[in-house]
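Engineer: With the input below, show me the fold.
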Amino acid sequence: MLHNTKGIVLRVTKYGDTSIIMTAYTELFGLQQYIVKGVRVTSKKGANKGVFYQPAAILQMEVYNSPMKQLQMVKDVSWDYVYQNVYSDVLRNAVATYIVEVLQQTMQPEPHPELFYLIEDTFKQLDKGGPNLVGNLPIYFLIHLSQTMGFGLQGKYGPTTSVLDVREGQFVSATPTHPYFLEAQEAQTASTFLQVQFYNDLENIVLTGAQRKKILELFQLSLSWHYKKFSELKSLPILQSILH
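Structural biologist: So this is what the prediction gives:
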């Protein structure tokens with residue numbers, strides 16, 4: 001049967017001489033793989049179609065879906081959202097590449113509309129937001145990805161809960177014996193990220209390069225503990241270099 005669904009491209013690999021296999025996280029079906037025929041031919045028509053299939057692209061897709069098949073078929077696609085800055089701006093592109101790589105290692109097959117909308121909104125804000133929002137977006141995304149998947153941080157910073165125990169996922173009163181924690185201003189900043197109601201609020205969170213690096217690495221480590229096959233992200237050092 002034919003279905004219309006939004007999809008966010010996560011990976012594109014060549015298939016045969018003229019086709020590709022696209023991995024996309026879709027609104028209706030969750031994580032899916034699609035074969036897209038004829039988009040790598042040298043004709044003008046093929047070249048125009050190929051531009052849709054880029055990591056982080058948000059597409060409106062007309063697809064065939066058969067639950068018994070591992071590879072689905074795409075009939076047609078169009079832009080659901082057209083980026084103005086993500087692919088041309090170095091920082092935004094680095095953030096998009098990082099988020100896509102995180103998703104490649106954490107996505108589950110089942111549909112999860114709340115997760116889809118988090119990803120969609122994050123990429124749209126990445127395209128539209130100011131420099132400070134863009135710099136803070138990776139931390140915001142890791143926190144809210146964990147929350148959406150059911151293992152987010154608990155509590156908030158306060159006089160009696162001034163330490164964030166990242167391993168336990170909660171704010172506590174005493175420094176833990178392991179090294180996976182934030183304290184003082186860094187713990188307070190992490191609490192601020194948890195309380196953000198609107199993406200624009202990220203513009204007001206000011207971090208040094210060292211603080212951003214430490215918080216991002218700890219939250220990424222926390223996320224990795226929940227996924228056995230989570231491996232080192234190649235995009236992280238590139239992102240950190242640009243953010244600095």
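
Engineer: So in the protein, where's the weakest helix or strand by average pLDDT?
Structural biologist: Ranked by mean pLDDT, DSSP states H and E, the weakest helix or strand in the chain is helix 44-50, scoring a mean of 61.

Engineer: and the gap between Leu126 and Thr97?
Structural biologist: For Leu126, the distance to Thr97 (CB to CB, to the nearest Å) stands at 11 Å. C-beta coordinates here come from the backbone N, C-alpha and C atoms, glycine included.

Engineer: Strands of this protein, start to end?
Structural biologist: 2-15, 19-26, 30-36, 58-64, 71-81, 163-165, 170-172, 181-183 (DSSP state E).

Engineer: What residues of the second one count as buried?
Structural biologist: Translated: strand 19-26. For strand 19-26, the neighbour count (16 or more other CB atoms under 10 Å) marks Ile20, Ile21, Met22, Thr23, Ala24, Tyr25, Thr26 as buried.

Engineer: care to break the protein down by domain?
Structural biologist: Under automatic domain parsing, the residue ranges defining each domain of the chain are 1-82, 84-244.

Engineer: weakest of the ones you listed in terms of mean pLDDT?
Structural biologist: Looking at the domains of the chain, the lowest mean pLDDT belongs to domain 1-82 (a mean of 90).

Engineer: ends of that domain, how far apart?
Structural biologist: Domain 1-82 has an end-to-end distance of 28 Å (CA to CA, to the nearest Å).

Engineer: Between Leu126 and Thr97, tell me which one has more neighbours.
Structural biologist: Neighbour totals were compared for Leu126 and Thr97, and Leu126 leads with 25 against 19 (other CB atoms under 10 Å).

Engineer: My understanding was that the more buried one contacts Gly135; is that so?
Structural biologist: No: look at Leu126 against Gly135 with CB atoms under 8 Å: they stay out of range, at 10.7 Å.

Engineer: ok, His244 - contacts?
Structural biologist: Counting by CB atoms under 8 Å, 6 or more residues apart in numbering, His244 touches Gly209, Lys213.

Engineer: Could I get the contacting residues of the spatially most central residue of the chain?
Structural biologist: Most central in the chain under CA atoms, centre = their mean is Ile99, positioned 3.4 Å from the mean C-alpha point. Going by CB under 8 Å, 6+ apart, Ile99 touches Ala56, Ile119, Thr122, Phe123, Leu126, Leu137, Pro138, Phe141.

Engineer: Nearest to Met1 among these?
Structural biologist: Ranked by distance to Met1 (CB to CB), the contacts of Ile99 are led by Ile119 at 25.2 Å.

Engineer: pretty sure Ser162 contacts Ala184?
Structural biologist: Yes: here Ser162 reaches Ala184: they are 7.2 Å apart, a contact under CB under 8 Å.

Engineer: more neighbours, those two?
Structural biologist: Taking neighbours as other CB under 10 Å, Ser162 and Ala184 compare with Ser162 leading, 18 against 10.

Engineer: Now that one: phi and psi?
Structural biologist: Note on Ser162: backbone dihedrals following degrees, to the nearest 10 are phi -100, psi 0.

Engineer: Quick one: residues contacting it.
Structural biologist: Ser162 neighbours (CB under 8 Å, 6+ apart): Phe171, Ser173, Glu183, Ala184, Ala187, Gln188.

Engineer: Find the pair from those with maximum spatial separation.
Structural biologist: Ser173 and Gln188, at 14.5 Å, using CB to CB across the contacts of Ser162.

Engineer: Between these two, which is the more surrounded one?
Structural biologist: The neighbour comparison of Ser173 against Gln188 (other CB under 10 Å) goes to Gln188, with 16 against 11.

Engineer: Quick check: Gly38 vs Thr18, distance?
Structural biologist: For Gly38, the distance to Thr18 equals 5 Å [CB to CB].
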